[in-house]
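In: sequence-free structure coming up:
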């Protein structure tokens with residue numbers, strides 16, 4: 001009687017372990033498949049970005065049409081003309097080539113009276129204030145070529161500090177707040193995207209343009225191999241365990 005109960009308990013435990021192992025195996029295979037899908041998505045995104053940044057610059061009307069249709073103008077080359085309103089500079093905390101400082105976002109008044117913000121580029125900490133780089137505060141009409149960028153509506157992560165509006169230091173690119181704190185006319189119309197200026201030099205050397213970062217890590221293949229590898233290893237363990245259990249049964 002005791003032997004029968006022991007055999008029954010062992011059989012129940014065997015089935016329980018088998019079911020748990022199959023559940024883990026299913027999870028590993030699902031994770032591997034998910035990473036393969038992520039890999040395909042990331043490769044398509046990288047290819048799209050490469051196509052965009054290597055295209056010829058278009059006029060602002062074309063970019064506006066694309067934004068109205070898709071809400072996405074990220075990395076599309078564009079050319080805009082207008083006059084900078086330097087008093088409305090907004091400063092985004094950033095590093096560039098190992099140096100800490102700010103990206104200078106300046107409203108550009110277009111010929112039709114609307115505004116678009118332009119990320120003119122990087123300035124070091126001690127050149128944050130406009131009066132320290134007067135040569136670069138271009139007066140009159142300018143033509144800016146660069147990459148259109150989508151605005152963002154919320155802080156990308158809870159670890160990112162809140163923007164310090166009083167000190168004019170932005171830790172994330174809250175375009176709406178930039179617009180409302182730049183001293184623009186009350187009825188000013190501002191485009192919902194901005195432009196990263198290219199590396200054409202500014203008078204006096206500052207700001208330093210061409211600061212767009214296009215860095216999309218793509219580790220999904222390694223992740224997929226890891227998950228599938230664990231699944232294969234688990235299958236090997238299950239086979240060995242099943243054979244040993246069969247011999248002793």
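Out: Perfect, thanks for sending it. Bear in mind the structure is a predicted one, so any value in this text is a computation, not a measurement.
In: now the element after the top helix by length along the chain, going C-ward?
Out: Under DSSP state H, the helix in the chain containing the largest number of residues is helix 2-53. Elements were assigned by DSSP states H and E; along the chain past helix 2-53, the next helix or strand is strand 58-59.
In: need the next SSE after that following strand, C-terminal direction.
Out: Using DSSP H and E, the next helix or strand after strand 58-59 towards the C-terminus is helix 60-70.
In: what is the longest helix of the chain packed up against?
Out: Using 3 or more CB pairs under 8 Å, 6 or more residues apart in numbering; DSSP states H and E as the contact test, the elements touching helix 2-53 are strand 76-84, helix 220-247. Bear in mind the C-beta positions are built from the backbone N, C-alpha and C, glycine included.
In: now it: average pLDDT?
Out: In this model, helix 2-53 has an average pLDDT of 75.
In: got the angle for that helix vs helix 220-247?
Out: Computed by axes from the mean of the first three to the mean of the last three CA atoms, to 10 degrees, the angle separating helix 2-53 from helix 220-247 equals 170 degrees.
In: any idea how far helix 2-53 is from the middle of the chain?
Out: Once both centres are worked out by CA atoms, centre = their mean, to the nearest Å, helix 2-53 turns out to sit 29 Å from its chain's centre.
In: got the angle between it and strand 76-84?
Out: Here helix 2-53 points in a direction 50 degrees away from that of strand 76-84 (the same axes, to 10 degrees).
In: before we move on, the earlier item: residue 42: which of the helices and strands packed on helix 2-53 is closest?
Out: The closest approach between residue 42 and any of the helices and strands packed on helix 2-53, judged by CB to CB, belongs to helix 220-247 at 5.8 Å.
In: the closest one - what's its average pLDDT?
Out: What helix 220-247 shows for mean pLDDT is 80.
In: just stretch 96-108 next, same as before
Out: In this model, stretch 96-108 has a mean pLDDT of 95.
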